[in-house]
Structures are given as structure tokens and as C-alpha cells.
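> everything below, folded, please.
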Amino acid sequence: MWGAFLFLIILLALTIAAVGRLTVYFSEGAIVSASGRQNLSFRVFYLENDIFTENPIPMHKYFLMSYTDYVEISSSFTANFSEEMDIHYSYIAEKRMVIQPLGSDRVVFEYFLPMSYASGEVTADSLYFSGENDGGPGGTYVISPRDYIVMYIEFIEDQARQMRDENAVARGLRGFSAELLVDFTYIVRAPDFSLRETVTQGYRIPLTTELYIPSLTGTSNFEWSDSIDLHDAPVTLQMITVFVVMFTGSTFGLTYCIRKLMSSPNKYRQEADYILKKYSHEIVVYDKPVDLNKYEPMAVRDFSELLKLAINLNKHIMCYKNRTRTEFVTIVDDYACIYVINYNGNGTKRPDEAALTL
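The predicted model follows:
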């Protein structure tokens, strides 16, 4: 089987080479380009009070954290391409609170919270994702700094209690600071043109100062271009004949190898591939096994049950795969619901068995 697979790869390479050479000779040169830009804006809303009666607050140089009710952040994105192409896009919005010692950029505590995720494909010469909440990538988000200030205060109180209980002395520690990072990431890919661009931009909101202003982080745009050069060598009858023979032979060889490879399929691997392909928008694939030490494992005997659970509870389905098995996991409270596909056909093992770790 491996010999047939290697032969298939060789024939595929020959076919691509033949088609590629003909394309170079008979196509015109071109320059393909693309550009994209992310647009961010924010508005600050105060709590009801007798001094500041206008909401949202006008864009003064500083805002007062003690009066702040919430911050409204809008993210939109536009991209233009020199020609129509197959475009793959994905979008991630996330919040992250970090606590650091004063005077240091090292993090002692970090709280991460995803806000939104979207992906899709489209054939077009432009992209536009508005800052409205229309179900697409981007939109307007309401951020409440007060929630994270409460978390910061709880951290400070618990850290002080811990020091008292352990009779610890923190020499040189002048205290802590906290800030909230709100980031928006747009990824654009066009595989046919080797285009892959990422734009990440967001706001940094300090939580431990009375006077503050959200500051921009990251980059807001990208520029990309690629060129296709003309080939000046003459086209001869001998050259065309060689190309035709290569293409014809490769086609017959590819057909034979594909049939040979498909004659003895692994139905368990096919099941895993089918699930990953059909439910690609609901599954997040990780490069390491999911850590189950903090959860009580629960085995699921059919993927449809795991999918139903994830959809009903609005939970992510996590996946890790290697050469022998594929594992799907959904975390629900203190439980890790698991569906495992073993390629050797042994069936789904219980999650409390040592063999569960991939």
C-alpha cells in the first residue's frame, strides 16, 4: 500500500509539473495584489450621575474610571483584490485581563475570554465585514471594565491573605497593576495565490488608574503582491509531444493508484476524516492532547451525541489526532465528554484508561 501511495505522489508531481509548464508557456504574465484594513472605534458611557449628563462621553483626552459604566468597541474590516479569487477567511475576537507587578512587564495572573469566532469561504474580488452586529465577522462589543476591576480586587485581597497565612515577606514588591486587552484578528487566505495575511488590532484599557484612555495595539492593515513572469523559450513540436505524453501517462497512473489505495480503506480513519470535514466550523483542532486532569472524563459512544451536547450548551468541540486515533472532547462544567476513534478498530475505550492519552 505504501508503494502505491509513493507511486501516486510521484505521478501527481509529474502531472502538476506538466500542467504547470504548459501554463507558463501559454499564459500571459500578471501581477496579483491585495490590500486589507481593519477599522476600530470606541465610545465610553458613564454611569448615571449629576455631573456628566451626556452619553456617550465626548472624546476628551482622558476618561474617569470611577464614572465608567461600559466601553463600546466596534470592529470592521475591508479587503480588495486585483482579481476574483477563492478567499478563505477567519475572525477571532477575545478579551484578556493581565495583572503585573508595578514596574515590570511580566505577568503574574492572566484571564482569557473568547468573545467571538467566525470563518468561511467566498469567491470574490473584495471583502467587507461591517461594525454592525449582522452575524458576520466583526461587530460592536460592550466591555465592562468594572467586572475586571472586581476580579483584580479579589486577587489583591487573596494574595495579601496568602502572605499573612504563610508569613511571607515580599521584598521589593511595590504592588500590582491590571489592564484589559481587547483584540480582533482577521486572517485572509487565497491558497491558489499563496496569499496568507493576518491583521490583529485592539485596545488596551488600564484598570488601576482613575484617568485612562483606551490605546490602540497591533497593526491595522496589510499590503500583498505577487508576480507571474513570461517564459521566453520557444515552443516546439517535440516539447508539446513530451508534455502530452507526461500528462496522459500521469492521468492513467493516477487513476490506477487511486483505485488501488481505495481498495482497502480504513473505515475508522474515514469516519474521523468525514467528521472533521463535515463539522469543520464546529471543531477546533489542537496540536496537543486535551489536558483532562482537571475534569471527570465521560465516554460518549457516538459523535452525534457529542455534537448535540455541544450545540445545545453552546460549547466548543476540541480535537486532537495522531497516526493511531482521533479524539473529540467537549468540556461541560467539571466533566470532559469524549468520543474516541481508534484506527485499529478496537472501538472507543473508556476515558479513564491509560491508553486515552494520545
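
> drop to CA atoms for contacts and neighbour counts, all remaining ones
Fine.

> tell me the mean pLDDT over stretch 294-314?
Stretch 294-314 shows an average pLDDT of 90 in the prediction.

> could I get the CA-only coordinates of that stretch as PDB?
What follows is stretch 294-314, C-alpha atoms only, in PDB (Å, rounded to 0.1, in the frame of the first residue of the first chain):
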ATOM      1  CA  LYS A 294      -8.900  18.900  35.900                       C
ATOM      2  CA  TYR A 295     -12.100  17.100  34.700                       C
ATOM      3  CA  GLU A 296     -14.000  13.900  35.300                       C
ATOM      4  CA  PRO A 297     -14.000  12.000  31.900                       C
ATOM      5  CA  MET A 298     -17.300  10.800  30.500                       C
ATOM      6  CA  ALA A 299     -17.300   8.500  27.400                       C
ATOM      7  CA  VAL A 300     -19.600   9.200  24.500                       C
ATOM      8  CA  ARG A 301     -20.300   6.200  22.200                       C
ATOM      9  CA  ASP A 302     -21.400   8.200  19.100                       C
ATOM     10  CA  PHE A 303     -20.200  11.600  17.800                       C
ATOM     11  CA  SER A 304     -23.800  12.800  17.200                       C
ATOM     12  CA  GLU A 305     -24.300  12.700  20.900                       C
ATOM     13  CA  LEU A 306     -21.300  14.900  21.500                       C
ATOM     14  CA  LEU A 307     -22.400  17.300  18.700                       C
ATOM     15  CA  LYS A 308     -25.800  17.500  20.200                       C
ATOM     16  CA  LEU A 309     -24.400  18.300  23.600                       C
ATOM     17  CA  ALA A 310     -22.000  21.000  22.200                       C
ATOM     18  CA  ILE A 311     -24.800  22.700  20.200                       C
ATOM     19  CA  ASN A 312     -27.400  22.700  23.000                       C
ATOM     20  CA  LEU A 313     -24.900  24.100  25.500                       C
ATOM     21  CA  ASN A 314     -23.000  26.300  23.100                       C
END
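
> and that stretch, what's buried?
For stretch 294-314, a neighbour-count test (16 or more other CA atoms under 10 Å) marks 297-301, 303, 306-307, 309-310 as buried.

> out of these, which sit inside helices?
In this view, the buried residues of stretch 294-314 that belong to helices under DSSP state H are 303, 306-307, 309-310.

> out of those residues, the closest to Thr200 would be?
Ala310 (28.3 Å; CA to CA).

> the closest one and Tyr279, how far apart?
12 Å (CA to CA, to the nearest Å).

> buried stuff in stretch 160-177?
Those would be 176-177, for stretch 160-177 by 16+ other CA under 10 Å.

> I misspoke; the intended subject was stretch 139-148.
Quick answer for stretch 139-148 (16+ other CA under 10 Å): 139-141, 143, 145-146, 148.

> quick one: residues in contact with it.
Identification of contacts with stretch 139-148 by CA atoms under 8 Å, 6 or more residues apart in numbering yields 68-76, 97, 130-133, 180, 207.

> one more: stretch 307-320?
Contacts for stretch 307-320 (CA under 8 Å, 6+ apart): 282-290, 326-332.

> buried subset of those?
283, 289-290, 326-332.

> please, which helix or strand holds Arg146?
helix 145-166 (DSSP states H and E).

> so what strands line up beside the helix or strand just after that helix?
Counting by DSSP H and E, the next helix or strand C-terminal to helix 145-166 is strand 176-190. Looking at strand 176-190 with DSSP bridges, its partner strands are strand 68-101 (antiparallel), strand 195-206 (antiparallel).

> Ala272 in helix, strand or coil?
Put simply, Ala272 is helix when judged by DSSP: H, G, I helix; E, B strand; the rest coil.

> what's the burial count for it?
By other CA atoms under 10 Å, the residues close to Ala272 number 20.

> contacts only, for it.
Neighbours of Ala272 in contact, by CA under 8 Å, 6+ apart: 326, 341.
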